[in-house]
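Chemist: sequence? don't have it. structure:
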């Protein structure tokens, strides 16, 4: 039973309030019509399935109804951080600095208050942020 | 192989059971095999067994990182049925069902396949439409299956609440009399013993750490006990398939999720059939030891921890008590979790890959146990011939590119 | 925002209105009087409920202007006017629930739209879709602990807090407007379920329903 | 009815308060404060059960959760039956009725025991895998008889009269176990101001101190317990939960506690006044930190016939004497490997009964307790062990011999000692069960000969659970754990270890390792040496398993069933591992670790279910008009969680209409007069924002660019795989304002879908979505007379030129502000009236007042389905199943192929599989026989003469009798169906009938669509 920090509500909530929505940072191809069948199949069905650090999309369904991202270890189930839509994880499989760092970290710092309202959404569309969407 | 029989048992008793032989050897890995099976669960061992028995290929290694039969084979709720909706899935599971029906004798190992029948309940008008659709399809596919109304269900399971007072009253069910349960551990042990006796090396505590691939063709595997060569490698590793595929540079449309189950304390026999309800989300049978064996739902997140969320167990028991109010005072003894590799269309992958000689058999989701003999049988044929057996062919990885899914979500719901 | 169709759904005069709990009261009735009830329930029916969406800075100004209340900027905060009859609650970074005495909601919506002009926002009247139940009494906390996984200990849930959370198998907005009072904002279609749940959960302490 | 084994004084029982109970039909008397087990022992009851496999007589072995034998059926009435209650954990109450779970005809004279004696030798582990195979046809018969032996207790046959509930708890520090370590930890944490929960599984808190001979602060230990509990009880930051077992330790420090609220009082929960109490309560605790102070379980020694009644754990003997004033026998032999066990002999001696000998496996035992025993003149036989118990239904003697534990052999002459009680102690196993629930592997420690918890985040073990046993060390460890946990919970606590009470230090000698005791005969030939008493697993069974190649402890457990009982191997697992290790010539940690799963002890289903049962199993969602429907006799259909009127049977001449009759009447009323439907359950989403229109264009397949205010359009929504997901109408309320409707079942999913795309892919689009499903009530007035009726109660101009099909208007209906939508799901003239739900009943009733003269007919979902099917309109999830595209439905008219944005689902329509021409396509079917109504779900074939398996080409999705047409008709999907109009297909049915039908257009009534435009 996970205890999940909602980066929008700024507190821990019980798992019952959330729904997992699969892998984070999946981006719909910019031009679907230009995609090969294989590329489209990849987008629809193929997901990372790591035994270890995983970035995943969750929604605070019974709460603020916001989608956000969780970096979680798929064996220990420890939540390493949670971060808002449009942000990048600070902890990844590549930079995971060992055991100490795995404990205690919860919320990524920074980010903005409101998704969908300007000027924040401009930041989302900023080219430098492209990879961060979804 | 030492033959098992009631007579043998008496004979051994007289010698204080001191002369029973090992059921399988503990061999040292050879340098090279004709075929390597990665994964020593039920499906992997069945593949090895049928390779040896049906195709005469005995220079085979089964590589298991833990102990044979220690994964989902040891953790499932043992239901066996074949009443699947789509032709492709029905063919595969019915092929398996036919093998189940003679399996104890074939293996000389009593896997206690008990054809006590499976009920899939319907609680809404749409449930009943789906049931009728599936039963009609089963019938025309030659699978025993019938539609029961609420009264018929009540007669089969007198202790179930089939009244109108239920929140979602039972409106009827599909009934497959040939379906049932089997002793899960015995299935792995029986296949292991049979394969071993035919010369297959079962290498336990041996972990594959990579694949040797030369010019796009597999030539062997790296393991913690050294490299082992083979030109044909079949991966049958259930929840760990994604991790293996990644080593070979292959992507699979799999997600590994926790699936939980639980048992009650042993009770005097009270429930003779298997009862499944997708609508209220619970399924239940009673083992020969007396435990109520109860399956819970799949958790929505990735998990290799062999644990799931407690709320999933709560919901399952709510459903069980809703269906069987008399079980309220029965007590839950133990719960556990497995790792199931799920495909987007709730059907398995039996497929060649972009690496020549490397095959995958995975993605069974919640439905793997019942397919064990059938899966091993058609996968062995595919490995032996180098091309997929006709029953396996529709389950190729390509379907995710073309869109030709075999979508068992549609009407069969959860594919337990 | 312009080009949004405003519509006052409250009739002039008073054709018979039925609160979301009308059927429950009819079928279930209310429990018999108790000398020392542990829990007291009361429905605050027919209030005006508006959902405000938009950026906090923009909305704050308009809300101050029209309601004389500051928009709560902190997550899970609830503010009320002196009478306690008008309140605004944070629901999400871009969403607030405004509750006012029944009949004020349409005028308020119009004033807010005036004040907000061309900004991007939305206001939705949901007065028919939800109702407010108050819980009082020395066992009110236990009843809530039976019903919601949210931590309602006074340290974690001081007066002036409100959250959207799980309530049995429904969802509610749970708020604490005063030291001895809890409010549940429940959806109309789940109202009967929540009511039956509450009566059942409170039975061991003795419960009365004020009408 | 004397309590032969009850001491005249001592113990924590109330001798002035007698309690009457029955066991196996025989009446007995015990005292308040007894457990069922202590009361049975007091009354000299030796045999409490028969064993599962061999049907051997069994007695009480332990005094707590680890008890394997004393598993009884509780309850006087049928409904109050509880199977498998452990007598050692059940408080005695007046009128308690218990029975043994096994034994036929009864537990004393058991015939199955003969079978066990004769057949036992033919039933080694795994015997059933090796037999019952021939002939194959007989297996089900064999199994029938195998099943007769299954189970311990039995399920009640009647529904549970009791209720249960949950309490969601949150705390800083949860302390599990209120023995010396737990009390010390809880007190430390509580003094820091932290929110503390202290729970303990026993009737009274205090754990081992309740039966301890040690003194704290120069007073009996129990006094200190009382002092600490007083202090904790006076603090409002502390919750004390006695009779509460921590059963499951889940991720992120979520712990389930099972509190037995009234199970110690009666069979069924009492009612206080009119206030009904729960039988038990499950606390769902989210703890920042957990202190695991669960103590240790004593391990019995494994020697021959160690299951005969009269064999007990040494610690249990002490507990029964000191805590319950019961000496469970007259003459004791103690077989031990450690000093702690000596307490049993000292207590026995002090109770005035004979200690025949202490048999110590150590060559040179020394320590304070050993010295004490020596000073009392008790005979101590060193470097020896009891190798075999004598006796059948009660121990009559002990065979004792010198042994070499390392070589595993008997090295001296066997001496037989007469006794009736045999206590043993092979050391202690920390109770680490909870710590391993989260998947963390425990660690073996050679110095304590036991597993201790692995590192678990947020969990601090203390005392016995931590492998610390001396009382002064236990209390210090508990206090320190309290400090650590409090600090880890983020609360300022004194970093100094708090003042500790004074406990006289005791010198203990070193324990020795002994698990299975060697016998003169080899294990396979020796009398049975039991490892797991509940499952009849013997040392020989484990040896056989390893001989047959079962080498991991997981294999051994599964092959022998060791640890699979209701005690989960609390006594046997370590011994079993040690035996496997001996056979495999490995060390214990090399054989494996032992992993435990929730629950620590079994929990009633009812407690886990709590209040989510019966009427509260799942919410029933009602519309604002529900009361009217009930009062007018509606039958209801479950649609998602909603209760929707299915049809409204009338009673004509005292006879109620069948569904068929009611639906036929309702259908004709709509086609010929006017009907009304409560459509309030449809999902409704208010969409506002300058980019609302753009957004609609991306999530719907069709075009939205030009829909003007005042107009309505039907839309299809797909997933990106191109398969239909939902449908509904969306109305343009203003240039930047839309009202979307969804299917009843799809409402929540669609709203989340819209938010998903907005928040994750297109946050730049300025648009907001809000559910208004519950705010609006929706009433559909439809039929040729709809306009006449509505005109009587509205101020809206209903003129067909002013208010066209697919227009909406606002005004009042029955004096209530309303939006009226001229859309039709019946093919008839129709108006959907939306009013604020609080006024819906007024409007509905007003319509009926005016509708009398038109015979306004309420109709339900069944009639709605018939009417829409006659028009070929789909129901998502009935006519589709997640594998159907809009093109398959023939809805190309609703696909915006040339929209600039590649809307969701578009790309998938050009994948190879979606381009196939032989896809299953949506068509109508007209049965050749007009009397036939095809079965929904019937499979379709082109060639009825083929053999099984047949090639199926589609199936019937909807099928009804049409009262307007006077014949049956159906909707179906058929391979290449769009190109097969007029073809004949066949439907082979279960009864052997083969129906014939013609493929036709799915629109059966008013193909030109004129009626809805009138």
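Modeler: Right, received. Where do you want to start? These numbers were taken from a predicted model, which means no experiment stands behind them. Residues are numbered from 1 along each chain as shown, chains lettered A, B, ... in the order given.

Chemist: and chain C, is the helix or strand containing residue D:475 touching that?
Modeler: Secondary structure assigned from DSSP states H and E places residue D:475 in helix D:471-488. No: Helix D:471-488 does not reach chain C (C-beta under 8 Å from any C-beta of the partner chain); its nearest approach is 15.2 Å. Bear in mind the C-beta positions are built from the backbone N, C-alpha and C, glycine included.

Chemist: so for that helix, mean pLDDT?
Modeler: The predicted model assigns helix D:471-488 a mean pLDDT of 96.

Chemist: how about that helix and chain A, touching?
Modeler: No: Helix D:471-488 stays clear of chain A (C-beta under 8 Å from any C-beta), getting no nearer than 10.1 Å.

Chemist: which strands or helices does that helix pack on?
Modeler: Using 3 or more C-beta pairs under 8 Å, 6 or more residues apart in numbering or on different chains; DSSP states H and E as the contact test, the elements touching helix D:471-488 are strand D:164-176, helix D:180-191, strand D:280-292, strand D:459-461.

Chemist: give me whichever of the ones you listed is most buried.
Modeler: Greatest average neighbour count among these goes to helix D:180-191 (a mean of 30), per mean count of other C-beta atoms under 10 Å in any protein chain shown.

Chemist: so what's the gap between the helix holding residue D:475 and the chain middle?
Modeler: 34 Å (C-alpha atoms, centre = their mean, to the nearest Å).

Chemist: over to stretch D:685-704?
Modeler: 43 Å.

Chemist: wouldn't residue B:29 be in contact with residue B:224 here?
Modeler: No: if you go by C-beta atoms under 8 Å, residue B:29 and residue B:224 don't touch, sitting 10.5 Å apart.

Chemist: who has more neighbours, those two?
Modeler: The residue with more neighbours, out of residue B:29 and residue B:224, is residue B:29; 17 against 10, by other C-beta atoms under 10 Å in any protein chain shown.

Chemist: in whichever helix in chain A runs longest, which residues are buried?
Modeler: For chain A, the longest helix by residue count, based on DSSP state H, is helix A:37-45. Buried residues in helix A:37-45, defined by neighbour count with 16 or more other C-beta atoms under 10 Å in any protein chain shown: A:37, A:40, A:41, A:42, A:43, A:44, A:45.

Chemist: same thing with stretch B:198-211?
Modeler: Neighbour count says stretch B:198-211 has B:198, B:200, B:201, B:202, B:203, B:204, B:206, B:207, B:208, B:211 buried, by 16+ other C-beta under 10 Å.

Chemist: would you list those residues in TSV and tack on distance to chain A and pLDDT?
Modeler: What follows is these, written out as TSV (distance: C-beta to the nearest C-beta, whole Å; pLDDT from 0 to 100):
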residue	distance to chain A	pLDDT
B:198	33	98
B:200	28	98
B:201	27	98
B:202	24	98
B:203	22	97
B:204	20	96
B:206	18	96
B:207	13	95
B:208	14	96
B:211	17	96
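
Chemist: format those as a markdown table; extra columns: secondary structure and distance to residue D:221.
Modeler: Shown next, in a markdown table, are the buried residues of stretch B:198-211 (DSSP: H, G, I helix; E, B strand; the rest coil; distance: C-beta to C-beta, whole Å):
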| residue | secondary structure | distance to residue D:221 |
| --- | --- | --- |
| B:198 | coil | 65 |
| B:200 | coil | 62 |
| B:201 | strand | 60 |
| B:202 | strand | 55 |
| B:203 | strand | 56 |
| B:204 | coil | 50 |
| B:206 | coil | 53 |
| B:207 | coil | 51 |
| B:208 | strand | 57 |
| B:211 | strand | 63 |
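
Chemist: show me what contacts residue D:705?
Modeler: Shown in contact with residue D:705 (C-beta atoms under 8 Å, 6 or more residues apart in numbering or on different chains): D:693, D:697.

Chemist: list phi and psi for it.
Modeler: phi -60, psi -30 (degrees, to the nearest 10).

Chemist: try residue D:51
Modeler: Torsion angles, degrees, to the nearest 10, at residue D:51: phi -80, psi 160.

Chemist: ok, it touching residue D:532?
Modeler: No: Residue D:51 is beyond contact range of residue D:532, at 10.3 Å (criterion: C-beta under 8 Å).

Chemist: show me which of those two is the more surrounded one.
Modeler: Higher neighbour count among residue D:51 and residue D:532: residue D:532, with 28 against 23, using other C-beta under 10 Å.

Chemist: grab the nearest non-local neighbour of that one.
Modeler: Nearest residue to residue D:532, sequence neighbours excluded (C-beta to C-beta, 6 or more residues apart in numbering or on different chains): residue D:572, at 3.9 Å.

Chemist: that neighbour and residue D:860: what is the separation?
Modeler: Per C-beta to C-beta, to the nearest Å, residue D:572 is found 61 Å from residue D:860.

Chemist: which of these two has more neighbours?
Modeler: Ranked by neighbour count (other C-beta under 10 Å), residue D:572 and residue D:860 place residue D:572 first, with 28 against 25.

Chemist: how near is that one to chain A?
Modeler: Noted for residue D:572: a distance of 30 Å to chain A, by C-beta to the nearest C-beta, to the nearest Å.

Chemist: distance of that residue relative to chain C?
Modeler: In terms of C-beta to the nearest C-beta, residue D:572 sits 37 Å off from chain C.

Chemist: isn't that residue right up against residue D:537?
Modeler: Yes: using C-beta under 8 Å, residue D:572 is in contact with residue D:537, at 6.8 Å.

Chemist: who touches both of those two?
Modeler: D:531, D:562.

Chemist: what's the burial count for residue C:180?
Modeler: Counted with other C-beta under 10 Å, residue C:180 comes out at 12.

Chemist: the one 5 residues further on too?
Modeler: Residue C:185 sits with 22 neighbouring residues when counted by other C-beta under 10 Å.

Chemist: how about residue D:958?
Modeler: 24.

Chemist: what are the bridge partners for it, then?
Modeler: With DSSP bridges as the criterion, residue D:958 is bridged to residue D:971.

Chemist: wait, it sits on residue D:968?
Modeler: No: using C-beta under 8 Å, residue D:958 makes no contact with residue D:968, being 11.3 Å away.

Chemist: all helices of chain A, in order?
Modeler: A:37-45, A:99-102, A:120-125.

Chemist: list of residues touching the helix or strand of chain C with the lowest mean pLDDT?
Modeler: Of all helical and strand segments in chain C, the minimum by mean pLDDT, DSSP states H and E falls on helix C:22-28, at a mean of 92. Applying C-beta under 8 Å, 6+ apart, the external contacts of helix C:22-28 come out as C:191, C:192, C:195, C:196, C:199, C:211, D:622, D:626, D:627, D:841.

Chemist: stretch D:521-540: which residues count as buried?
Modeler: D:523-524, D:526-540.

Chemist: of those, which belong to strands?
Modeler: Those of the buried residues of stretch D:521-540 mapping onto strands are D:530, D:531, D:532, D:537, D:538, per DSSP state E.

Chemist: closest one to chain B out of those, please.
Modeler: residue D:538 (10.9 Å; C-beta to the nearest C-beta).

Chemist: quick one, phi/psi of residue D:790?
Modeler: Per degrees, to the nearest 10, the backbone of residue D:790 is at phi -60, psi -40.

Chemist: was I right about it contacting residue D:803?
Modeler: No: if you go by C-beta under 8 Å, residue D:790 and residue D:803 don't touch, sitting 10.2 Å apart.

Chemist: what touches both of those two?
Modeler: residue D:796.

Chemist: the two: who's more crowded?
Modeler: residue D:790 (21 against 17).

Chemist: which stretches of the stretch 101-250 of chain B form helices?
Modeler: In the stretch 101-250 of chain B, the segments counted as helices under DSSP state H, counting those that start in this stretch are B:103-107, B:125-140, B:150-156, B:184-197, B:241-247.
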